[in-house]
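Novice: With the sequence up front, the predicted model follows.
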Amino acid sequence: MDDSDLARLFRTALAGDERAYGDFLQAAAELVRGWARRRTAFGGLDPEDIVQETLLAIHVKRHTWRTDGPVAPWLYAIAKHKLVDALRRLGRQPRVDISDLEGQLAVEEAESVRDWEIDRALKTLTPGQRSVVTAISVEGRTIAEAARSLDMNETAVRVALHRGLAAIARRFGRD
């Protein structure tokens, strides 16, 4: 629909034709929607919000349109002001929808708390116990792997592991 058709439709609507007004608003929404999509692609704004605010402003300010002039520049001027208003509300800080990240953030926070608690518990052990508990309980090595990497025999690793875990349990109230 070109501007002259849109202007004719709007003039008819302003004369009281409700159907013409509905058709005009629908055509105006399509124009503004395309315009808003191009301008909000990376701005964190929903183009549909701009469209709805523009349509509301068109309705409220319909008496300000000069019936002998083009309607598209008038529409785009209103849309531009609504976009600027939305950007001002958004502020200079970019906004990110975190709904996709919420689960990940919760997992990362839980892991961070867990790591802090593990470090706290390991600091209460002697260096030998700490290395054995870390190798087996934190890193997931077997008794044989831990014995080889720590240059200990398997029995000594088992004893150090048992004593280290018992010390942690006593220290943190879990007997």
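Specialist: It's in.
Novice: continuing past the one helix or strand in the chain whose mean pLDDT sits lowest, what's the next helix or strand?
Specialist: Ranked by mean pLDDT, DSSP states H and E, the weakest helix or strand in the chain is helix 102-122, scoring a mean of 70. From helix 102-122 onward toward the C-terminus, using DSSP states H and E, the following helix or strand is helix 127-133.
Novice: Tell me which helix or strand R158 sits in.
Specialist: Going by DSSP H and E, R158 is in helix 154-171.
Novice: That helix - what's its average pLDDT?
Specialist: For helix 154-171, mean pLDDT rounds to 90.
Novice: cool, stretch 58-67 as well?
Specialist: Per-residue pLDDT over stretch 58-67 has a mean of 90.
Novice: cool, stretch 5-13 as well?
Specialist: The model assigns stretch 5-13 a mean pLDDT of 91.
Novice: Of all the residues in that stretch, which ones are buried?
Specialist: 6-7, 9-11, 13 (16 or more other C-beta atoms under 10 Å). Just so you know, the C-beta spots here come from the backbone N, C-alpha and C atoms, and that holds for glycine as well.
Novice: pull the CA atoms of that stretch into CSV?
Specialist: What follows is stretch 5-13, C-alpha atoms only, in CSV (Å, rounded to 0.1, in the frame of the first residue of the first chain):
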residue,chain,number,x,y,z
ASP,A,5,-3.7,5.0,-0.4
LEU,A,6,-2.8,5.0,3.2
ALA,A,7,-3.6,8.7,3.5
ARG,A,8,-6.9,8.2,1.7
LEU,A,9,-7.8,5.4,4.1
PHE,A,10,-6.8,7.5,7.1
ARG,A,11,-8.9,10.5,5.9
THR,A,12,-11.9,8.1,5.5
ALA,A,13,-11.2,6.8,9.0
